[in-house]
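K.L.:
Please find the sequence and the predicted model below.
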Amino acid sequence: MPVTALSPQDYIDALPQDRQPAMEALRQTLLQNLPAGFQEEMSYGMIGYVVPHTLYPAGYHCDPKLPLPFLSIASQKNFIAIYHMGLYADPELLAWFTTEYPKHSKTKLDMGKSCIRFKKPDQIPLELLGELASKMTPQDWITLYKSAFNK
C-alpha cells in the first residue's frame, strides 16, 4: 500500500496502534541525537533525515532535485526498519555498530547493507541507535558520499 502521509507525524498517526509507540520513540531518539543540519521530511514514503540543498546544493545523484538522503525509518509489513546510508558507506562505522549491537540487544542483528530490521517493536535498542545517529555530521556524510558515490 503506497504511503500518502505528508508529514512524519501523519505517517506515525496512520500506523497500526501497536506500531505507533515504537516508531514515535525511534523518531524522537533520532531527533534528539542527530547532529545539527539534518532535516526531517517525508522521503521515499518513509520518515527521512536528509542533508538539505542549503548545505549540499548538488542534491542526490539519482535525482538532484532531491536533498541528499542520510537516514530513514519505516514501518514495513513484518518489521520496523532503519535505513542508515552511512553504515553502507563507512566500514569503520559498520564495524563499530556490529560490535556494539550485542551489548544492547538480546536479539540477533538482522540487517542488509544499510537496512536494520526489528521484528519486535519493543526490542529496538534506542540508546544504541541514538549513539549511531550522533556519529556522523552532515558535513561528514557529504564528504563520505562524495568520495564513495561520485567517483
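P.N.:
Cool, the structure landed.
K.L.:
Now for the nearest residue to residue 106 once chain neighbours are set aside: which residues touch it?
P.N.:
Leaving out its chain neighbours, the residue that sits closest to residue 106 by C-beta to C-beta, 6 or more residues apart in numbering is residue 123, at 7.6 Å. Just so you know, the C-beta spots here come from the backbone N, C-alpha and C atoms, and that holds for glycine as well. Residues near residue 123 by C-beta atoms under 8 Å, 6 or more residues apart in numbering: 105, 106, 107.
K.L.:
and of those, the nearest to residue 137?
P.N.:
residue 105 (25.9 Å; C-beta to C-beta).
K.L.:
Which pLDDT value goes with the closest one?
P.N.:
pLDDT recorded at residue 105 is 95.
K.L.:
Can you report how many residues lie near residue 24?
P.N.:
Applying other C-beta atoms under 10 Å, we find 15 other residues in the vicinity of residue 24.
K.L.:
Am I right that it is in contact with residue 12?
P.N.:
Yes: under the criterion of C-beta atoms under 8 Å, residue 24 makes contact with residue 12 at 5.6 Å.
K.L.:
Grab the nearest non-local neighbour of residue 88.
P.N.:
Leaving aside its sequence neighbours, residue 88 sits nearest to residue 114 (C-beta to C-beta, 6+ apart; 3.9 Å).
K.L.:
swap that for residue 34, please
P.N.:
Closest to residue 34 by C-beta to C-beta, 6+ apart is residue 133, at 4.9 Å.
K.L.:
give the contact list for that neighbour.
P.N.:
29, 30, 33, 34, 71.
K.L.:
Tell me if the last one really is in a strand.
P.N.:
Yep, that's residue 71 we're talking about. Yes: according to DSSP: H, G, I helix; E, B strand; the rest coil, residue 71 belongs to a strand.
K.L.:
Wait, it touches residue 88, no?
P.N.:
No: taking contacts as C-beta under 8 Å, residue 71 lies outside contact range of residue 88: 11.0 Å.
K.L.:
So for this structure, the centremost residue is which one?
P.N.:
Computing the C-alpha centroid of the chain and ranking residues by C-alpha atoms, centre = their mean puts residue 71 first, at 2.8 Å.
K.L.:
so what's the nearest residue to that residue once chain neighbours are set aside bridging to?
P.N.:
Leaving aside its sequence neighbours, residue 71 sits nearest to residue 49 (C-beta to C-beta, 6+ apart; 4.4 Å). As for beta bridges, residue 49 partners with residue 40, residue 71 under DSSP bridges.
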